[in-house]
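# build me a structure from this.
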Amino acid sequence: MFRSFALILSGNLSNTLLGMLRSLLAAALISLEDFGIAATFMVAMAVIEMVSALGLKQQIVQAREGNDPAFQAALQGFQVLRGLVNGMALVVLAWPMAWFFGLSDLVWAYQLVALAPVLRAFEHFDAQRLARQMNYWPTLISGALPALGSLLAVWPLYLMFGDFRVLLFAVLLQAALSVLASHLVARRPYQLRFDRAIMATSLRFGWPIMLNGILMFVIFNGDRMIVGRELGMATLAVFSMALSLTMAPVGLLAGVLSKFFLPQLSASKDDPAEFAALSVVTIQAHLVLGALLVAGVGLLGGPLLHLALGEKYAAAIPLLTWLALMQGCRVGKGASSVIALAVARTGNATIANIPRVLLLLPAWYAAATGQGLLVVIWLGILGEILGLVIALWLVMSRLSLPWRPLVPVLIVSAVLAGVAIAHASRLATGGWMPDPWTGAGLAILLGLSLAASRQLRGYVARRQIRRYDES
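Have a look, this model is predicted:
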């Protein structure tokens, strides 16, 4: 069990760290305005990727027939069609997006972003298939090598361009390397099939994921669009830096937990008792790691950002703990999605994201009327708290899971959030170091969150994992 978890963690950790280093290096080299412009390209790419997400890679892990070569070829064929459509859509949307951000002279750059989904359409799905047997080496390699190549390209690209094009071409290079790496680690030959029946099945499986992807785009990028349009590119650069430094650990933690628990939950879904027990463990693991994110950013976020970028991004430091609270709730909310996905109930995440989306309208009003960036963030936190409550209620009620094992860790998490809020309020007055009492409180509460998760500790002590029987 520990070997599988360590492989997932090391792979996701390397991807996260390399991505953070790329952002930090680019931010240190180019101007605030150029970094803000580059952030809008990420929004453009996310528009298409998130709103067309069908969960094809998750489906090959979740489906009983996921090991079938014909099924895999059909999913890869569907992925090619999806990528080509996404690329064409980005070309069409380039002008309105450039106009929205007041960058009409950069339509060509938004059109160039369309290459990324077209390239990634030809990725091999064998790394995901091998994950069914908890073999994560291919996933580790195919994720880390492209991220490393993209990081190493930043300095040469800076010498060539010296502006927002550094990140634009670094992202395109990573997309190309991702395709190459996915084929290098594959054990099966790459095949494409265009099977209408399997495509229809994938659409039934994926339409709630696609709907949730639309909401996820609005959630992850709605704040950026509001800030960029109402508060300017320099403020967007500061906000994007703080947001990316808190979202990167979310991607790490969510990716690790999903890759580790989804194959086990899918393999145990026909045994109600085992599935219920593993579901409780999954929820506790998400809550504990959400607490780890909040405590970790509260303790280390300010010092690390100050060390890396100095006074240039000092305005981002007071935002870090607030954003960590927002993302910590999102990590906790992720348990519901993983459990529901294992039994093909892909609509839970969509419902849980509705409060966050609805609160974007008041956030836009707040930014437009000069109430400041913090009000936008506070409304985001409120939306994530409501979403966490809804997500837990959905999964617990629909699958008849017991609430009692979750009460202790939920109480500890609430207290930890209170300490983090006090810390964030103090940083608003200046400084970047946590005071000793706050640091000690966060560390103690983090330990208590694990102590309060008895089922999770028992699962770790047993060192047993469930795999698909594909003999």
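
# what sits against A285?
By C-beta atoms under 8 Å, 6 or more residues apart in numbering, the contact set of A285 is L257, F261, A335, S453, L456. C-beta: built from backbone N, CA, C; applies to glycine.

# please redo it, this time with the cut-off set to 10 Å
Listed by C-beta atoms under 10 Å, 6 or more residues apart in numbering, the contact partners of A285 are 253, 256-257, 260-261, 331, 334-335, 338, 409, 450, 453, 455-456, 459-460.

# need the buried ones from the residues you listed selected in ChimeraX.
Buried subset of the contacts of A285, written as a ChimeraX selection, criterion 16 or more other C-beta atoms under 10 Å:
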select :253,256,257,260,261,331,334,335,338,409,450,453,455,456,459
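
# strands - which of the contacts of A285 land there?
With DSSP state E as the criterion, strands contain none of the contacts of A285.

# surely L410 meets I385?
No: L410 lies out of contact with I385 (C-beta atoms under 10 Å); the separation is 11.9 Å.

# what is in contact with these two at once?
G332.

# buried residues in stretch 236-251, which are they?
The neighbour-count check on stretch 236-251 (16+ other C-beta under 10 Å) flags 236-250 as buried.

# do you know the pLDDT at the closest residue to L145 other than its chain neighbours?
With sequence-adjacent residues excluded and distances taken as C-beta to C-beta, 6 or more residues apart in numbering, L145 is closest to A181, at 4.8 Å. If you check A181, the pLDDT there is 94.

# A181: which element?
Element membership for A181 (DSSP states H and E) is helix 165-184.

# what's the next secondary structure element after that helix?
Assigned by DSSP H and E, the successor of helix 165-184 is helix 196-231.

# ok, R129 touching N135?
Yes: R129 is in contact with N135 according to C-beta under 10 Å; the separation is 9.2 Å.

# in this structure S23 contacts V154, no?
Yes: S23 lies in contact with V154 (C-beta under 10 Å); the separation is 9.4 Å.

# overlap in contacts, those two.
Common neighbours of S23 and V154 (C-beta under 10 Å, 6+ apart) are L167, A170.

# thinking again about what came up before, of R129 and N135, give the one with the bigger neighbour count.
Neighbours per residue (other C-beta atoms under 10 Å) separate R129 from N135, with R129 holding more: 24 against 15.

# list the buried residues for whichever strand or helix holds H306?
Per DSSP H and E: H306 is located in helix 302-309. By neighbour count on 16+ other C-beta under 10 Å, the buried set for helix 302-309 is G302, L304, L305, H306, A308, L309.

# show me the contacts for the residue nearest to L192 when sequence neighbours are not counted.
For L192, ignoring the flanking residues on the chain, the nearest one in space by C-beta to C-beta, 6+ apart is G77 at 4.2 Å. G77 makes contact with Q191, L192, R193, F194, D195, I198, M199, according to C-beta under 10 Å, 6+ apart.

# can you do 6 Å?
Contact analysis of G77 by C-beta atoms under 6 Å, 6 or more residues apart in numbering lists L192, R193, F194.

# also Q327?
Each residue near Q327 by C-beta under 6 Å, 6+ apart is listed here: T246, V250.

# which SS class is the closest residue to L448 other than its chain neighbours?
Closest residue to L448 apart from its sequence neighbours, by C-beta to C-beta, 6+ apart: V412 at 4.8 Å. Of the three states, V412 takes helix under DSSP: H, G, I helix; E, B strand; the rest coil.

# next: N135.
Following three-state DSSP, we place N135 in the coil state.

# for the remainder of this discussion, apply numbering that starts at 4.
Sure, I'll start numbering at 4, so the last one becomes N138.

# which pLDDT does the model give it?
On pLDDT, N138 comes in at 78.

# any chance of the backbone angles for it?
phi -100, psi 100 (degrees, to the nearest 10).

# tell me how far it lies from F38.
Distance, N138 to F38, using C-beta to C-beta, to the nearest Å: 38 Å.

# centre-most residue in this structure?
Nearest residue to the geometric centre of the chain (C-alpha atoms, centre = their mean): G254, 3.6 Å.

# what strand or helix carries it?
helix 236-270.

# what angle separates the next helix or strand after that helix from helix 236-270?
Later in the chain than helix 236-270, the nearest helix or strand by DSSP H and E is helix 275-299. Relative orientation of helix 275-299 and helix 236-270, computed by axes from the mean of the first three to the mean of the last three C-alpha atoms, to 10 degrees: 160 degrees.

# how far does helix 275-299 sit from its chain's centre?
For helix 275-299, the separation from the chain centroid amounts to 17 Å (computed by C-alpha atoms, centre = their mean, to the nearest Å).

# run through the stretch 4-153 of the chain and note the low-pLDDT ranges.
4-16, 50-57 (pLDDT under 70).

# if I pick the residue nearest to L451, what's in contact with it?
V415 neighbours (C-beta under 6 Å, 6+ apart): L451, S452, A455.

# which stretches of the stretch 254-403 of the chain have low pLDDT?
Counting by pLDDT under 70, the ranges of the stretch 254-403 of the chain that qualify are 347-350.

# switch the cut-off to 90
Along the stretch 254-403 of the chain, segments meeting pLDDT under 90 span 254-280, 299-321, 333, 336-341, 343-357, 360, 371-376, 397-403.

# so what are the domain limits for the protein?
Listed by automatic domain parsing, the domain ranges of the chain are 4-197, 221-474.

# since that was my last question, I'll sign off now.
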